[in-house]
Every structure is written in structure tokens, then in C-alpha cells.
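# model this:
(chains A and B)
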Amino acid sequence: MAVEAGTRPAMAPRSRRLGRLERPALAGVLVREVINFGSYWRSSTFSSIVQPLIYLLAFGFGFGSLVSKVGGRDYVEYVATGTVATAVLFASVFPAMFGTFVKYKFQRTYDAILAAPVDTEELVTAESLWIAARAGVFGFMPIVVGLFFGLDWTWGMLTIPFIGFLAGLGWACFGIIIAAVLKTIDDFSYVTSTVITPLFLVAGTFFPLSGLPDWVGFASNANPLFHCVELVHHAAFGFRGWVDVGHLAFLVAFALVTWRLAIHYMVRRVID
Amino acid sequence: MVWLPPVSARAHGETVVNVTDLAIRLRGVVKRFGPITAVDGLDLDVPAGTCVGLLGPNGAGKSTTMRMLTAQAIADEGEIEVLGYRLPGESKVARAECGVVPQLDNLDITLTVEQNLLVFAHLYRVPRSERSAAIDRAVGIANLGDRRTTKVDQLSGGMRRRLLIARALVHRPRLLLLDEPTVGLDPQVRQELWALIDSLRSEGVSILMSTHYIEEAQRLADTVVIVSHGKAVAGGPPAELVETYAGRDAVEVYGPPTRLAEVETVAIERGQRTRRTGTSVTILGLNGADVPEGERRPANLEDVFVLLTGEEVG
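Numbers count the residues shown, from 1 in each chain, chains lettered A, B, ... in the order given. Reported below is the predicted structural model:
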């Protein structure tokens, strides 16, 4: 037997197990996304610039004619930085929800990827990293647009893509959870209207929370978007030490928890 | 625990077949979906370098079996080994050496032929230095040399299917899993794909193919395993299966329903086997006894299938 086995080296197993979160697997999934991005980058880049532009025009001129200063800052400064969080949210949670659902359900892309030496954990991780990277870049666009509307450049703004990446990672994983848990794409509107819209409005993006009842301000501490907005404000106008460490810690925790949950629910969805 | 196939085989006294000679080995595999048992104690061997056809009607558990071989479905009971690796624990290593052609086309339709192959060269870890050669080779297999930069949504159904197969071969797998490779294609394209699959087998690639086309199994498979309700009910070379279960010849008797019923009763009394095919009754297992007037023809795999499963295929 040993001799016979020896005559068939092709069938003799080499390493019996591959590790978790391997670079080649992550790279494979990312390469697919990058190549695909080549076919739709124009539309997503266009909307990432036009959307903050519209917010700035609408809120800047509309709302800004009523209030010139918010929290001691020009309203354009307030909105331009606040819109970063909106851009990050939109560039991460929606692509994650719809993109994931389409890829596993309609295009069956995940079937093909998981037949390759890629585990669900690697698939979810690579997908969320990619969405987060895009969110970091697109999240910076409002700052670029804001600079043309009188926003003053500060070096702290260079940290904004990284804040956007971190917040985007959490939102991407949140979106993947939604895609993995809900049965149909129509059910997404429940999440959009009851979770995402309130979080997006009550985060200090377009108006400060100080004008709202105390309990809203207290509750907003549980809103990842609020921490993102605060961090971006401080990145642009001066960091505030431990307060910002707290905001950062919250975003890290949000990303970690949603990441593990996204893997958990995705495994349940794609592995029978 | 390190698991070495030859040693464990010796330990269990199973020295007849070296388990590493099998590209796929399934023993007592069970897979349930709630109250439905899709795969119900399936045993299956794919000897290395051969093509095994898994023949069964829709719903026999073929696709579920295919998904278990890539650990996209996890068996509730039983043992699965692919290329000597135990699943699901070692599935990732096994997957690296397998090529999978799914039943449903999942190409990236907004990408070109070349881009689709490039993505899979990355997913299957083809080293950087070999990537472009691997893609050239796959383009050649798909016979899409003049369509390299065409987007997939511009390709015909036959071209897409060829690309799907070539994509599964980009990393030179030792085992190819084909799930209904020619379903929904016109006869000419089907023949083209058969030639392609046959050439792969002659190159020594082990192949497991699920199909519900009798002709496909008969032409391509060295061994046909007939599955019904999640179980393997018979297996062997196609000609041998026919000989064993249906005999050499069959007689088809045509007539009005009352006449057919009569013929059936008589044949069963004579210890023969019968099969209803629309307007006729086929008498099989002629065992030298008398047969009524009818059309004599060689028995075929379809007869075997119907006899064993009581179901029509195709």
C-alpha cells in the first residue's frame, strides 16, 4: 500500500488545511470588485460629488439664509463636514445591502466565489473592506466640494478618509447583515425607513442636537453616525483629546461587532 | 490529528482499494432540509482519471450532492472525501484543486471574457508569473480567441457555457465537477461541449458530472450512477448496467390501451419486466420466454433507469 501510494504523488495530500483570513483569498475577492468597479466607477463617482453639492446648495442657501451660524461656525462649514457622514453612510450601507443581495441571490456570484478556495469569512471581510475603502474616498468629496463654497482647509481634514473608512466598514457590515437576514429586496424599505433615515437625520448632520430634547442627545450616543459626524467636525476644526478617543472607540466597536455578525448571518445564508 | 489515508485504510483493513486512488469518496451521506431528505445515505466513488455520471431526475439530490463536494452544503451524516481531503474540515484545500461548473450561469456579465478568467485566476491562486499563460490557455479551451475583449452579455448561450467551463479550468484542476453541463442548450452546442469534456477526461482530469440526459451519461461517463430519492440505486459502466438490468433486447408493442394492459399482464406473468412509454409498452428482461409481436430494439440506459426508479427522465 505504501508503495502504491508512493507511485501516485499527485493524489498525496500536501497541507491539509488552509488558514483563515488568508491574503490570497481576500485579494481574489478584492480583485473581482476592483475590475467590476471599472465598469461603473463613473456613475458612483458622479453621484458622490453631486449629492453633497445638492445638500450644500439646498441647505446652505435654503436653510443658511435663516441661520448663518451654528455652534459658532458658518453654516456652510457645519453642513459640508456633516455631509461627510451622510456620504459615508450612503456609500456603504446601500451598496452593502443591495449589492450583497444581488450578488448572492440574483447573479449567484457568491456561489462561484465560495466554490473557490475562499471561505465566507474571507468573502464578507473582503467585500466590507472594499466598500469601506470606497466610502472613505467618497466621504471626502463633500470636503472637496465645500472648499469651493468657502470651507477653510485644515490639515486635520486629511484624517477624514480614514474616519470614513472606519465608519464605512461598520455600515457595510450592517448592510451585509440586512442582506443576509431579509428574504426579499422589498423588505429593505423597512430598514431604510425605520433605521437608516432616523439615524441619518438625528446625528447632528444638518442641525446640532443641542436644540433637541435631552433624551435625543443622550440616545444619539448609540448612533454610530453621530460619532462619525463629531469626529469629522473635530478633524476639520480641531480634535478634542479623550472625547474623540471615545468617538473612535465607538466606531471601532461598531465595526467589530457588525463584522462578526455579518459573517455569522452570511454563513447561515450561503451554506446549506 | 493528522490523517494519512494509506495508514487509516490499513488500520481498518480496507486494503482492496487505496482510498487515495479515488478522486471522490462518499459513504452514507445524508443531507436534510427540514422535513425533506434530499440525499439519503448516498455512497459514491469517482476513481481518479475517470468520468462518473450522476444520472437522475430533477429532485433526486444531484445538485445538493454537488454542493456538498465544495462544502457549500454540509452533510448531516456520513463521510465525504475529495482528492483525499476530508470534508468539510479540509474543504478549502480540496476546493483549490477542483474546478466547478455550476448549473446556473454565474459569470460576471459586465466584464469581458478575459476579465472573467483573470478574476478566477486570482480566486484560484494562479501564481502571478503563470496568470497570463493560464488565461490564454482557458481562452483556447473556450475557443473564444476572437472574443477575448467581448463582454459576457454579448456572447451567445453556447459561448457563455464554454466560458463557464474554461473558467473552471483556469488553474488546471485535478477534479472537475459539472452540474448539468448542457442543460438548456441546443443539440449542436451540446455535442460541442461533449467533445470538450471528453478531451479533458483523456487528459486525465477526474470528472463528476450530474445530468438528467441519458445520452449525455451514456456517451461521456465511464461509470454511471443512477440516483433516485437521494440514494444510489445502481452503478457501473453504461453497457454493463443495460445488460444486467434490462437484458440485451427490448420489444415494443403498440396498440390501444386495453391491448397494452393485456400485454403487460402477460409479460409480468412470464417474469418479464415492462415499461409504459406513452403509446406503447416496452417488454424488457426477455429471459427467453415468449414475447408478443412487436418492434425489437436494443435495450438502453433509459430502460434501466425507468426500471430501477419507476420514473421517466429527461
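
# Let me know whether B:Val224 touches B:Ala239 as I believe.
No. With contacts counted by CB atoms under 8 Å, B:Val224 stays clear of B:Ala239, the gap being 9.9 Å. Where C-beta positions appear, they are placed from N, C-alpha and C, glycine not excepted.

# Show me which of those two is the more surrounded one.
Legend: neighbour count by other CB atoms under 10 Å in any protein chain shown for B:Val224 and B:Ala239, higher for B:Val224 (28 against 11).

# so what does the helix or strand containing the more buried one touch, helix or strand wise?
Per DSSP states H and E: B:Val224 is located in strand B:223-228. Identification of packing neighbours for strand B:223-228 by 3 or more CB pairs under 8 Å, 6 or more residues apart in numbering or on different chains; DSSP states H and E yields strand B:36-47, strand B:51-55, strand B:231-236, helix B:238-246, helix B:301-309.

# Out of the ones you listed, flag the one nearest chain A.
Chain A sits nearest to strand B:36-47 of all those, at 9.0 Å, using CB to the nearest CB.

# can you tell me the residue of the stretch 151-300 of chain B closest to chain A?
Of all residues in the stretch 151-300 of chain B, the one sitting closest to chain A is B:Arg174 (6.7 Å; CB to the nearest CB).

# Can you report how many residues neighbour A:His227?
So A:His227, with other CB under 10 Å, has 28 neighbours.

# So what's the residue count around the nearest residue to B:Val205 once chain neighbours are set aside?
Nearest residue to B:Val205, sequence neighbours excluded (CB to CB, 6 or more residues apart in numbering or on different chains): B:Leu176, at 5.4 Å. Using other CB under 10 Å, the number of residues around B:Leu176 comes to 23.

# Could you give the bridge partners of B:Leu176?
Beta-bridge pairing for B:Leu176 (DSSP bridges): B:Gly99, B:Ile207.

# Touching, it and B:Val82? I think so.
No. The pair B:Leu176 / B:Val82 is not scored as a contact, 11.9 Å apart, by CB under 8 Å.

# Serialize the helices and strands packed on strand B:223-228 to CSV and add fields for distance to A:Pro24 and mean pLDDT.
What follows is those, written out as CSV (distance: least, CB to CB, whole Å; pLDDT from 0 to 100):
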stretch, distance to A:Pro24, mean pLDDT
strand B:36-47, 27, 95
strand B:51-55, 30, 94
strand B:231-236, 36, 92
helix B:238-246, 41, 89
helix B:301-309, 43, 86
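
# so what's the residue of the stretch 151-300 of chain B closest to chain A up against?
By CB atoms under 8 Å, 6 or more residues apart in numbering or on different chains, the contact list for B:Arg174 reads A:10, B:23, B:48, B:83, B:97-98, B:205-206.

# and the longest helix seen in chain A, which residues are buried?
As assigned by DSSP state H, the longest helix anywhere in chain A is helix A:242-270. Buried residues in helix A:242-270, counted by 16 or more other CB atoms under 10 Å in any protein chain shown: A:244, A:247, A:250-251, A:254-255, A:258-259, A:261-263, A:265-266, A:269-270.

# cool, and stretch A:115-123?
For stretch A:115-123, by 16+ other CB under 10 Å, it's A:115-123.

# Ramachandran coordinates for B:Pro127?
Dihedral angles of B:Pro127 (phi, psi; degrees, to the nearest 10) stand at phi -60, psi 150.

# Distance check, it against chain A.
Distance check for B:Pro127 against chain A: by CB to the nearest CB, to the nearest Å, it reads 10 Å.

# which bits of the stretch 101-250 of chain A sit near chain B?
Residues of the stretch 101-250 of chain A lying near chain B by CB under 8 Å from any CB of the partner chain: A:107-109, A:111-119.

# coming back round to it: what's the residue nearest to B:Val205 in contact with, if anything?
With contact taken as CB under 8 Å, 6+ apart, B:Leu176 is in contact with B:98-101, B:168-169, B:200, B:205-208.

# What of A:Trp153?
With CB under 8 Å, 6+ apart, A:Trp153 has these contacts: A:Leu147.

# what about B:Glu130, helix or strand, and which?
helix B:128-142.

# go on, B:Arg296?
Going by DSSP H and E, B:Arg296 is in strand B:295-298.

# coming back round to it: tell me which of the helices and strands packed on strand B:223-228 is the most buried.
The highest mean neighbour count among these, using mean count of other CB atoms under 10 Å in any protein chain shown, belongs to strand B:51-55: a mean of 28.

# my guess is A:His227 contacts A:Leu251, does it?
Yes. A:His227 is in contact with A:Leu251 according to CB under 8 Å; the separation is 5.5 Å.

# shared neighbours of the two, which are they?
With CB under 8 Å, 6+ apart as the test, A:His227 and A:Leu251 both reach A:Ala167.

# Residues of the stretch 51-200 of chain B that sit close to chain A?
Counting by CB under 8 Å from any CB, the stretch 51-200 of chain B sits next to chain A at B:64, B:67, B:70-74, B:83-85, B:89-90, B:92-93, B:95-96, B:98, B:100, B:102, B:104, B:106, B:108-111, B:115, B:118-120, B:122-125, B:174.

# worst-scoring helix or strand of the chain, pLDDT-wise?
I'll assume chain A. Taking mean pLDDT, DSSP states H and E as the measure, chain A has helix A:2-6 as its least confident helix or strand, at a mean of 36.

# Buried residues of the helix or strand that comes right after that one, list them for me.
Once the chain leaves helix A:2-6, the next helix or strand it forms, by DSSP H and E, is helix A:23-37. By neighbour count with 16+ other CB under 10 Å, helix A:23-37 contains the buried residues A:24-33, A:35-36.

# And the strands in the stretch 51-200 of chain A?
Taking DSSP state E, counting those that start in this stretch as the criterion, the stretch 51-200 of chain A contains strands spanning A:69-70, A:73-74.

# Could you identify which of the ones you listed has the lowest mean pLDDT?
Among those, strand A:69-70 carries the lowest mean pLDDT, at a mean of 76.

# Not counting that one itself, show me its contacts.
Residues outside strand A:69-70 that contact it (CB under 8 Å, 6+ apart) are A:75, A:78, A:207-208.

# Out of these, list just those in helices.
Per DSSP H, the contacts of strand A:69-70 map to helices at A:75, A:78.

# Scan the contacts of strand A:69-70 and report the most crowded one.
Neighbour counts for these, by other CB under 10 Å, peak at A:Tyr78, which reaches 28 neighbours.

# contacting residues for that residue?
Each residue near A:Tyr78 by CB under 8 Å, 6+ apart is listed here: A:70-71, A:208, A:233.

# just so I have it, where are all the helices in the stretch 151-300 of chain B?
B:157-168, B:187-202, B:214-220, B:238-246, B:257-269 (DSSP state H, counting those that start in this stretch).

# before we move on, back to that, so what are the sheet partners of the strand holding B:Arg296 and their directions?
Counting by DSSP bridges, strand B:295-298 is paired with strand B:249-254 (antiparallel).

# List the buried residues of the partner strand.
Buried residues in strand B:249-254, counted by 16+ other CB under 10 Å: B:250-251, B:253.

# Off-centre distance for it?
Averaged C-alpha coordinates place strand B:249-254 at 29 Å from its chain's average position (CA atoms, centre = their mean, to the nearest Å).

# What lies in contact with it?
Under the contact criterion CB under 8 Å, 6+ apart, strand B:249-254 has outside partners B:259-260, B:263, B:277, B:279-284, B:286, B:291-300, B:303.

# average model confidence for the longest helix of chain A?
The model assigns helix A:242-270 a mean pLDDT of 96.
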